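Chemist: 3D, please:
(2 chains)
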Amino acid sequence: MNVNIEFYASLMKYLPPGKSRFRREVSVEDDITLSRLITQFHISEAEAHLVLVNGHFVNCGEDRDQRKLVEGDTVSIWPPVAGG
Amino acid sequence: MNKSQAERYARHIRLPHALIVGVGGLGSPAAMYLAAAGIGKLVLCDFDIVETSNLQRQIIHRNDAVGEDKVESGRQTVAALNPECEVETISYQMEAEELKQIIESVDIVLDCTDNYPTRFDINRACVETGTPLVIGAAIRLEGQIMNYQPAANSACYQCLYTHAYGAEESCELEGVLGPVVGVIGTMQAVQTLLILAGQGEALVNRLLLFDAYSMEWQGVTLPKNPDCPVCGKG
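Modeler: Numbers count the residues shown, from 1 in each chain, chains lettered A, B, ... in the order given. Model prediction:
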């Protein structure tokens, strides 16, 4: 199935080659979990601070392990930020 | 209000007081906009001195302020902008109890700091004292803004950040595009004025994310964590 991934800021380096600066449509295994998708793109748990599915926040840990993606979902990932 | 009313009610009307922790990249525009907007008093807190490397983004400080305390440099710029804005300065790192006392004396707090431990301390003190808090953060080309509104029982900073992620990262080491902290600090001033004006409802449990490289803003609903160690049962 196909899903959309959006990696922002310092996470853009993990995107596969493509045109958009931050978005790709990618093919993944059916029923893939959110955690598995994050691991597949080599993003560590510490880097995947804010994870959204179709714009809705998904907590780290169990919520991400259990959340199965469906065709057409958009997963957005932002890193943590503390500087000022 | 006319002049006569202003004189008559002067002792009954108190313009809001704000504490700004961190007079760097975020605190600079926040302090300047709040002073220009007519806030009654700013408490500026920072233990650092102005360095030349700060000047590309910390716009409250001038070239001739290099070597001065940041809070003193900030006071001078605020005075030049609006001499009627009272400024109190704190040029050392406060212990938890003093921080709490200062927070109790103001109407709102702006977290413009650059590290997780201080952010956690400020958040905890605001939750314990029921004081609104506007939190900004920026590094490289990215920034985030959220707020804590006790009257709305909103999510707090530790509902979002459970531990110190990438604690070694700083603007000095990682770099930051100067105007990015300007954008985020200015948005903190916007949110502060809205909350003080009682117009903060649309900001409750909202986290804004800005990526300057892709020029994308995202607004996210941030759920309150019932197990949060600070504002929840955790």
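Chemist: Contacts only, for the nearest residue to B:L209 once chain neighbours are set aside.
Modeler: Nearest non-adjacent residue to B:L209, counting by C-beta to C-beta, 6 or more residues apart in numbering or on different chains: B:Q218, 4.5 Å away. C-beta: built from backbone N, CA, C; applies to glycine. Applying C-beta atoms under 8 Å, 6 or more residues apart in numbering or on different chains, we find B:Q218 in contact with A:8, A:52, A:55, A:76, A:78, B:208-209.
Chemist: Output those residues as JSON lines; include the columns pLDDT.
Modeler: Below are the contacts of B:Q218 laid out as JSON lines (pLDDT from 0 to 100):
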{"residue": "A:Y8", "pLDDT": "90"}
{"residue": "A:L52", "pLDDT": "92"}
{"residue": "A:G55", "pLDDT": "86"}
{"residue": "A:S76", "pLDDT": "95"}
{"residue": "A:W78", "pLDDT": "91"}
{"residue": "B:L208", "pLDDT": "94"}
{"residue": "B:L209", "pLDDT": "92"}
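Chemist: List buried residues within those.
Modeler: Buried by 16 or more other C-beta atoms under 10 Å in any protein chain shown: A:8, A:52, A:76, A:78, B:208-209, out of the contacts of B:Q218.
Chemist: Restricted to strands, list those.
Modeler: Here DSSP state E is the test, and the buried ones among the contacts of B:Q218 give A:52, A:76, A:78, B:208-209 as lying in strands.
Chemist: Relative to the whole chain's centre, how far out is the lengthiest helix in chain A?
Modeler: In chain A, assigned by DSSP state H, the helix with the most residues is helix A:34-40. With C-alpha atoms, centre = their mean, to the nearest Å as the basis, helix A:34-40 stands 7 Å off its chain's centre.
Chemist: pLDDT averaged over it - what is it?
Modeler: Averaged over helix A:34-40, pLDDT sits at 96.
Chemist: I'd like to know which elements it is packed against.
Modeler: If contacts are counted by 3 or more C-beta pairs under 8 Å, 6 or more residues apart in numbering or on different chains; DSSP states H and E, helix A:34-40 sits against strand A:50-53, helix A:62-66, strand A:74-78.
Chemist: is it possible to export these to CSV including distance to chain B?
Modeler: Below are the helices and strands packed on helix A:34-40 laid out as CSV (distance: least, C-beta to the nearest C-beta, whole Å):
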stretch, distance to chain B
strand A:50-53, 6
helix A:62-66, 11
strand A:74-78, 5
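Chemist: Just name the most buried of these.
Modeler: strand A:74-78 (a mean of 22; mean count of other C-beta atoms under 10 Å in any protein chain shown).
Chemist: For that strand, which outside residues touch it?
Modeler: Contact with strand A:74-78 is made by A:3-9, A:11, A:34, A:37-38, A:43, A:48-55, A:69, B:142, B:144, B:209, B:211, B:218, as judged by C-beta under 8 Å, 6+ apart.
Chemist: could you pull out the strands for chain B?
Modeler: Along chain B, counting by DSSP E, strands occupy B:17-21, B:41-45, B:86-90, B:108-111, B:133-139, B:142-148, B:206-211, B:216-221.
Chemist: same for the shortest one, what does it pack against?
Modeler: If I follow you right, that is strand B:108-111. Counting by 3+ C-beta pairs under 8 Å, 6+ apart, strand B:108-111 packs on strand B:17-21, helix B:116-129, strand B:133-139, helix B:178-196.
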